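Colleague: coords please:
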Amino acid sequence: MAEAARQEDVQSRRTVLRWFTYGLYAVTVSHEGDVGAFTANWLSQASFDPPLLMVSVEADSHSLPLIRASGRFAVNVFVTGQRDLAGHFGRKTRHVGNKLTGIPHHLEPSGLPILDDALGYVTAEVTGEVAAGDSVVIVARVIDAVVQRDGAPLTMVEAGFRHAG
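Modeller: Numbers count the residues shown, from 1 in each chain. All right, here's what the predicted structure looks like:
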């Protein structure tokens, strides 16, 4: 009986955690000629004053050391319909190499890669981090925000991506 209840609790946890709403974003970073990019969905505004955001980054990712070394990154907002692009950036760099190769992008004034087709982006400066299980939560101050086009953001629900919870 206890095992059945525990399995039910695991399924309930997964169900409820999947009800949390998330957008999908491409986080991009550059440091000394090396670039990183990954799809993030555990990202949120953390404060209005000062404007802070937080993003969860896998501890074994290619981008985390670049974020730590450079102290900054950009968050590009995917537009509805960009499921395949979000999936592309969700792959591991060690398997696919530079994920920006062949993807239209430009460098913003500080040198961060920006996706040409993103709705918009923010650039952010790291203010702190905390270990969080298999990830690291980065807290950063928003430095700049740019709207590149009109549209609606891509969400996890639309993309059909799932986390185990």
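Colleague: how about the spatially most central residue of the chain, what does it touch?
Modeller: By Cα atoms, centre = their mean, the mean C-alpha position of the chain lies nearest to residue 40, the distance being 2.1 Å. By Cβ atoms under 8 Å, 6 or more residues apart in numbering, the residues touching residue 40 are 24, 25, 26, 27, 55, 56, 57, 75. To be clear about C-beta, it is placed using only N, CA and C from the backbone, and glycine gets the same treatment.
Colleague: swap in residue 137?
Modeller: Contacts for residue 137 (Cβ under 8 Å, 6+ apart) come out as 54, 55, 56, 57, 129, 130.
Colleague: What count of nearby residues applies to the third one?
Modeller: Per other Cβ atoms under 10 Å, the neighbour tally for residue 56 reads 17.
Colleague: Look up how far residue 130 lies from it.
Modeller: 10 Å (Cβ to Cβ, to the nearest Å).
Colleague: so what sits against both of those two?
Modeller: By the contact definition Cβ under 8 Å, 6+ apart, residue 56 and residue 130 are jointly contacted by 136, 137.
Colleague: Mind giving me the ChimeraX select for the contacts of residue 137, buried ones only?
Modeller: Applying 16 or more other Cβ atoms under 10 Å to the contacts of residue 137 leaves a buried subset, and the ChimeraX line that selects it is:
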select :54,55,56,57,129
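Colleague: ok, of the contacts of residue 137, which one's closest to residue 80?
Modeller: Distance to residue 80, by Cβ to Cβ, is smallest for residue 55 among the contacts of residue 137, at 20.8 Å.
Colleague: where along the chain do the strands fall?
Modeller: For the chain, the strands defined by DSSP state E occupy 25-31, 34-40, 43-47, 52-58, 72-77, 105-107, 113-115, 120-132, 135-147.
Colleague: Thanks a lot, catch you later.
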